[in-house]
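Undergrad: After the sequence you'll find the predicted model.
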Amino acid sequence: MLALGAWLLTATFAGAQQSSPQAEPNPTPNLAPATGSIHGVVESADETAYEGARVELSRPGNATVATQQTDSGGAFNFANLPAGSFKITVSAAGFVTQETRGDLLAGQAYDAHTIVLPMAAATNSVHVSAESLEEIAETQLNLEEQQRVLGVLPNYYVSYDPTALPLTTRQKFELAWRTSIDPVTWAMTGAVAGIEQANHTFKGYGQGAEGYGKRFGANYADGFDSDLIGGAILPSLFKQDPRYFYKGTGSVRSRVLYAIAAAVICRGDNGHRQFNYSGFLGGLAASGISNLYYPAGDRSGIEVTLENSAIGTAEGAVQNLIQEFVIRRLTPHVPAYSAAQTP
């Protein structure tokens with residue numbers, strides 16, 4: 001009996017050991033490391049938000065460099081960054097490059113605050129003579145005179161280089177003359193004259209070869225007067241640039257506002273933005289001169305001339321919008337210029 005009891009006790013204890021589940025170790029949760037972000041704002045020395053500045057983020061021991069361009073408010077933001085040391089480098093054409101260093105903590109939204117870009121002083125490193133500047137501007141102008149929409153239509157009065165030098169008086173007249181004598185300009189003038197003759201526009205000119213010649217001459221004179229007065233004479237007197245400076249960066253809204261404003265605001269030869277006296281007065285002058293050669297029944301008074309000038313300004317805004325969003329894509333062989341803030 002004692003042996004049987006001992007055997008039963010041993011069997012029961014062994015069974016309990018087999019049926020009792022083994023305790024498993026508590027697994028360590030697999031947590032992803034927390035990431036942070038770095039943000040800031042870039043301004044020029046006059047406290048104006050700088051759009052289009054290049055911002056580089058580098059990390060010690062990491063060969064990869066992240067880059068961004070500041071938005072219309074001058075802001076930048078690098079997200080999903082691991083903790084550790086970093087260096088931010090901000091650069092733009094014509095400005096002194098700035099660097100900011102810091103340490104990013106896990107989960108931190110690091111504020112780099114406002115980074116100010118001082119204007120670079122070219123005279124500190126190299127002496128640039130007036131003659132060499134004119135040569136550079138001439139080279140830039142020669143590139144513009146190769147611009148043709150679809151490889152055919154002249155597109156000379158647009159600069160895709162945001163840092164292009166101002167034109168001299170001679171270069172402004174050269175650009176107006178080059179536009180006026182372009183074969184495509186003659187062909188388009190002839191086509192418009194033909195359409196006007198077919199529609200009996202300006203009946204005082206009559207029909208036949210003589211009527212067509214008068215219509216051709218009037219259309220050509222309109223364009224020539226506008227280019228010469230609004231694109232050369234007045235820009236030389238007021239020291240303004242007659243070209244449209246392509247923006248190409250920033251939000252769609254900022255580019256739309258820029259293109260519309262460019263119909264009444266131009267870049268001065270000093271680099272500052274100012275009211276476009278050249279374009280406004282040039283349009284009025286060209287419209288007034290046209291009364292000398294249009295038929296008496298089609299001549300306009302001062303009220304109509306002012307109305308046509310307002311319409312011309314609105315048309316200029318539409319043309320600028322097309323330039324900003326369409327024409328660049330249709331103009332082949334344009335060099336890839338570095339983005340920079342346009343005045």
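TA: Sure thing, it's come through. Numbering: from 1, shown residues only.
Undergrad: Count the neighbours of residue 335 for me.
TA: 9 (other CB atoms under 10 Å). For every residue, glycine as well, the C-beta is placed using N, CA and C.
Undergrad: Which residue is the nearest non-sequential neighbour of it?
TA: residue 143 (6.7 Å; CB to CB, 6 or more residues apart in numbering).
Undergrad: quick one: residue 197 and residue 207 touch, right?
TA: Yes - using CB atoms under 8 Å, residue 197 makes contact with residue 207 at a distance of 6.8 Å.
Undergrad: Pick out whichever of these two has more residues nearby.
TA: Remark: of residue 197 and residue 207, residue 197 carries more neighbours, 19 against 11, as counted by other CB under 10 Å.
Undergrad: check contacts around the more buried one.
TA: 207, 211-212, 215 (CB atoms under 8 Å, 6 or more residues apart in numbering).
Undergrad: Name the member of the residues you listed with the most neighbours.
TA: residue 215 (22 neighbours).
Undergrad: how much space between it and residue 75?
TA: 54 Å (CB to CB, to the nearest Å).
Undergrad: Also residue 57?
TA: 14 Å.
Undergrad: quick one, which of those two is more surrounded?
TA: Legend: neighbour count by other CB under 10 Å for residue 57 and residue 75, higher for residue 57 (18 against 15).
Undergrad: Give me the buried stretch members for the helix or strand harbouring that one, please.
TA: If you go by DSSP states H and E, residue 57 is part of strand 54-59. For strand 54-59, a neighbour-count test (16 or more other CB atoms under 10 Å) marks 54-55, 57-59 as buried.
Undergrad: can you check stretch 198-210 too?
TA: In stretch 198-210, counting by 16+ other CB under 10 Å, buried: 202, 205.
Undergrad: Strands of the stretch 101-250 of the chain, residue ranges please.
TA: 109-117, 148-149, 153-154, 158-159, 244-245 (DSSP state E, counting those that start in this stretch).
Undergrad: Name the strands paired with the second one and say parallel or antiparallel.
TA: What it means is strand 148-149. With DSSP bridges as the test, strand 148-149 is paired with strand 153-154 (antiparallel).
Undergrad: So what touches the strand it pairs with?
TA: By CB under 8 Å, 6+ apart, strand 153-154 touches 147-148, 179, 182, 184-185.
Undergrad: Filter those down to the buried ones.
TA: Buried by 16+ other CB under 10 Å: 147-148, 179, 182, 185, out of the contacts of strand 153-154.
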